Every structure is written in C-alpha cells, then in structure tokens.
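Colleague: output the structure for:
(one chain, ligands or ions: 1)
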Amino acid sequence: MNLKPLQFGTVTINHPVVLAPMAGYTDAAMRTLCLEHGAGAVYTELTSAEGIRRDSENTFAVLAAAKNEHPIAGHIFGRDPEAMAEAAKYVELTGRFDWLDINCGCPVKKVVSRGAGAALLKDLPMLGTIISKVRNAVSLPVSVKTRIGFNNDSADHLEIARVVEESGADMIAVHARLAKNFHGGEPDFEKLGEMKQALNIPIIGNGGVQGLEDAERMVEVAGVDGVMIGRGAIGNPWIFETLRWGRRAACDTDIVPQAARLLARRDLMAEHLRRLVELNESKQHSSARAKKYTAEEAACIQFRTHIPYYVKGLFDKKQLLMKLATLMSVDSILEEVDILIEKNKCDD
Ligand SMILES: Cc1cc2nc3c(=O)[nH]c(=O)nc-3n(C[C@H](O)[C@H](O)[C@H](O)COP(=O)(O)O)c2cc1C
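Modeller: Residues are numbered from 1 along each chain as shown. Predicted structure coming up:
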C-alpha cells in the first residue's frame, strides 16, 4: 500500500506499517521475523519502569533486543513520573533503541490497578507530567501508545490528543477502541480521523487490521500516517509482505501448490522456534524461566501461544493443540506439525 515514509525526530519509518507491542508475543524472535517480512518498525513488549528501577532481571530480559532490529521502540509503562524518566534514561543508555514509547492504553487489571497503562487516561494531568518528564530525560524521540478513551465518561480522544502533543510527544499511536472494551468490538476509525485532524505530530492508527483491505480502509477513513498491526501478525508475519510489497507470501497464495504452501508455513514455524531457542540461550542466567527450564524447553513453552495462529484453518489441528503441553523439544513439535501437514496435503 502507498504510504509516505513517516518521520519524527531522528526516526524514519520507510514503510509505516508497524508491528504492535504485544506482551507474551513480540519478543526478538517474532520481531525479527516481522521485520524481515516487511514490518516498517517494531516495539518491545511492555516493560515495567518500576522493574527497571528495582533492577529486575525479568524486566531486563524483556528489553534484551537483538542487535539487528531497527527501527525499534523501547515500550515502557508506569505511574511514577520519576521512575518513568529513570527507565527512559536506561532504555536510551542501552544504545539499542531508536525511540522511547510510553504505554497509556493497557487495560489489564494488574497494570490499571497500579494507576498505569490505560488508567492514565483517567488522569490526563499525570499523563502529561509523565510525557514531559520522559521527554526531558532523554534525547531519543518519544511516542505514546494510547486509546481513544478509557470509557464513555472519561476524557475523550481529542483531549487525549491535545495533552499528548502539548506535553512534548513526537508521535502517537492510537488503538481505536475504548480501554473498557479491551480488544473487542469495532474499532472507531472516524475518531482516529478526528485525532489526525487535530494533531500536528504524526499518528499511527491501530485496531482490527487483518489484511490489506482493513489497512486501506483505515488510511482512507482516518488519513493516518501509518498503520499498526497486532493480532493480525501473530502466526502471520507474511501480512507485512502483502501490505508493503503487494505480494502474497508462498504460504499464502493459490498460485503456489498447496503442499508447497504448507511447507512454507512449516519452515517459518521451524525458524521461529530456532530464534526462540537462540533468544533463550542468550537469556540464560537472566530470567526466572531460564533458571527453571533449558533454553529449548523455554522456547517450546513460549511457542505454545503462537502455534494455534500458525495452524489456523488447517484440518484436524486439534490433535496437535491438545498435545502441546507435553511437547518440550523442537523436534517433537516439528514432528507433530509434519503429521498435521501430511493430513492437510491434497492434490491441487
Ligand atoms: C496478547 C496481547 C498483548 C498485548 N500487549 C500489549 C502491550 O504490551 N502494550 C500495548 O501497548 N498494547 C498491547 N496490546 C494491544 C495491541 O498492541 C493492539 O493495540 C491491540 O491488539 C489492537 O490491535 P489489533 O486489533 O491489530 O490486534 C496487546 C494485545 C494483545 C492481544
């Protein structure tokens, strides 16, 4: 799709269709796959500012980004402006990140009950203080990932846009749903469009994009400067190929015989697993899970959440999904995937 390069501060996103931050999914393994398949930029998983302050090994493990990932945002959350500023400084000092992103859209109870994430949408002065403290603490560009509101009674999308811009953010990414709706319901592209009209900084739209048509509709209705994809990219990094180069990946087009399509899918799963093992090897001694499991076992556990998406639409996938909890080696997972693929092969 035709989008202009998106620029803010020192960051240029050549093709601004980006991977959304998703806790539990968008680690370096998934991010690098998406970048190679055409994602314009990526974000880390949600990282706790307090965790950084407390020197938490688990938090640092989340931030451990592969060196070849660019452009990438360090995505932090918290309630205390001082802790957020300190965390931002740390993210900058790692030298691994192109910009700093502040979360104020996460609706999960664990985050909101501490006054962070989407709870900041109920306290815009605090959100403004956090943004300006972070802005002053780092020289990296700063963005905010937010929503169109918390609920129908809280500050509206235009007030949020105003506070984010006036507090010094260089870019805003907006999930076009209220926080109270979590990830369900129709995203409101009209409200995104009103925010775009009100803002001078670039805006990336997010919510419900599962393919080219959705992305084009979002850009047409809202006029956003970029598109962010979350669940549409899980088990489907090829989505970025379609949106960037207008081509369908081998696993995703009728031009390729069905057997070859399935094998392309299998190869990508094997590559994803390989990267997860590598990532866990580099994390040994630095996270609680790494201490309990071998790198390969930890990778297999992490891959459990991705497999249902990779095998979506395949006949008889239930067998594989039911066995997942017992599969603790890469070979055992791939053996089961091969069985599933054999069952799904047919003459074109
Ligand atoms: C499993 C999961 C984890 C998520 N984690 C985060 C997160 O860490 N930070 C964040 O800002 N949003 C997070 N989100 C929200 C996504 O970034 C995105 O805004 C949302 O999924 C809507 O986009 P989509 O409809 O394309 O999936 C998460 C969403 C999902 C489904």
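Colleague: domain ranges for this structure, per the record?
Modeller: As recorded under automatic domain parsing, the domains making up the chain are 6-247, 252-344.
Colleague: for the ligand, find the nearest of these.
Modeller: Distance to the ligand, taken as Cβ to the nearest ligand atom, is lowest for domain 6-247 among the domains of the chain, at 2.7 Å. (Each C-beta comes from the backbone N, C-alpha and C, glycine too.)
Colleague: now Pro308: how far from Leu324?
Modeller: When distances are taken as Cβ to Cβ, to the nearest Å, Pro308 and Leu324 turn out to be 9 Å apart.
Colleague: which neighbours do those two share?
Modeller: Here Pro308 and Leu324 share no contacting residue, scored by Cβ atoms under 8 Å, 6 or more residues apart in numbering.
Colleague: is it possible to export the domains of the chain to a markdown table including mean neighbour count and mean pLDDT?
Modeller: As requested, the domains of the chain are exported to a markdown table (neighbours: other Cβ atoms under 10 Å; pLDDT from 0 to 100):
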| stretch | mean neighbour count | mean pLDDT |
| --- | --- | --- |
| domain 6-247 | 20 | 96 |
| domain 252-344 | 16 | 89 |
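Colleague: who touches Leu93 in this structure?
Modeller: Contacts for Leu93 were tallied using Cβ under 8 Å, 6+ apart; there are none.
Colleague: now do it against Leu100, distance only.
Modeller: If you go by Cβ to Cβ, the gap between Leu93 and Leu100 works out to 11 Å.
Colleague: could you do Ala119 as well?
Modeller: Taking Cβ to Cβ as the criterion, Ala119 is separated from Leu100 by 20 Å.
Colleague: now swap in Pro237 and tell me
Modeller: Applying Cβ to Cβ, one obtains 25 Å for the distance of Pro237 from Leu100.
Colleague: tell me the contacts of the closest residue to Trp99 other than its chain neighbours?
Modeller: Spatial nearest neighbour of Trp99, chain neighbours left out: Pro141 (4.2 Å); criterion: Cβ to Cβ, 6 or more residues apart in numbering. The neighbourhood of Pro141, defined by Cβ under 8 Å, 6+ apart, consists of 8-11, 98-100, 170-171.
Colleague: how about 10 Å then?
Modeller: With contacts defined as Cβ atoms under 10 Å, 6 or more residues apart in numbering, the neighbours of Pro141 are 7-11, 71, 73, 98-101, 135, 169-171.
Colleague: so which of these belong to strands?
Modeller: Secondary structure defined by DSSP state E assigns 7-8, 11, 73, 99-101, 171 of these to strands.
Colleague: the nearest residue in space to Ala270 that is not next to it in sequence sits in which helix or strand?
Modeller: With Cβ to Cβ, 6+ apart as the criterion, Ala270 has its nearest non-adjacent residue at 5.9 Å, and that residue is Leu334. Assigning secondary structure by DSSP states H and E places Leu334 in helix 330-344.
Colleague: could you pull out the strands for this protein?
Modeller: So, for the chain - with DSSP E - the strands run 6-8, 11-13, 17-19, 42-43, 47-48, 72-77, 99-104, 142-147, 171-175, 203-206, 226-229.
Colleague: CSV please, covering the ones you listed and showing distance to the ligand.
Modeller: Formatted as CSV, the entries for the strands of the chain read as follows, by distance: least, Cβ to the nearest ligand atom, whole Å:
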stretch, distance to the ligand
strand 6-8, 17
strand 11-13, 16
strand 17-19, 9
strand 42-43, 7
strand 47-48, 9
strand 72-77, 6
strand 99-104, 5
strand 142-147, 4
strand 171-175, 4
strand 203-206, 5
strand 226-229, 5
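Colleague: chain center to stretch 167-185: distance?
Modeller: Distance of stretch 167-185 from its chain centroid, counting by Cα atoms, centre = their mean, to the nearest Å, is 13 Å.
Colleague: and it, how far apart are its ends?
Modeller: According to Cα to Cα, to the nearest Å, stretch 167-185 extends 30 Å from its N-terminal end residue to its C-terminal end residue.
Colleague: what's the answer for stretch 7-16, then?
Modeller: Its first and final residues considered, stretch 7-16 spans 9 Å by Cα to Cα.
Colleague: isn't Glu336 right next to Leu314, touching?
Modeller: No. Counting by Cβ atoms under 10 Å, Glu336 stays clear of Leu314, with 11.9 Å between them.
Colleague: distance of His37 from Glu342?
Modeller: According to Cβ to Cβ, His37 stands 26 Å off from Glu342.
Colleague: for the stretch 1-150 of the chain, just list every one of the helices.
Modeller: 28-36, 49-53, 57-63, 81-93, 109-112, 124-137 (DSSP state H, counting those that start in this stretch).
Colleague: export the ones you listed to a markdown table and append columns for distance to Met269.
Modeller: Output for the helices of the stretch 1-150 of the chain, formatted as a markdown table (distance: least, Cβ to Cβ, whole Å):
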| stretch | distance to Met269 |
| --- | --- |
| helix 28-36 | 10 |
| helix 49-53 | 31 |
| helix 57-63 | 23 |
| helix 81-93 | 31 |
| helix 109-112 | 30 |
| helix 124-137 | 38 |
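Colleague: any idea which of the ones you listed gets closest to Lys292?
Modeller: helix 57-63 (12.4 Å; Cβ to Cβ).
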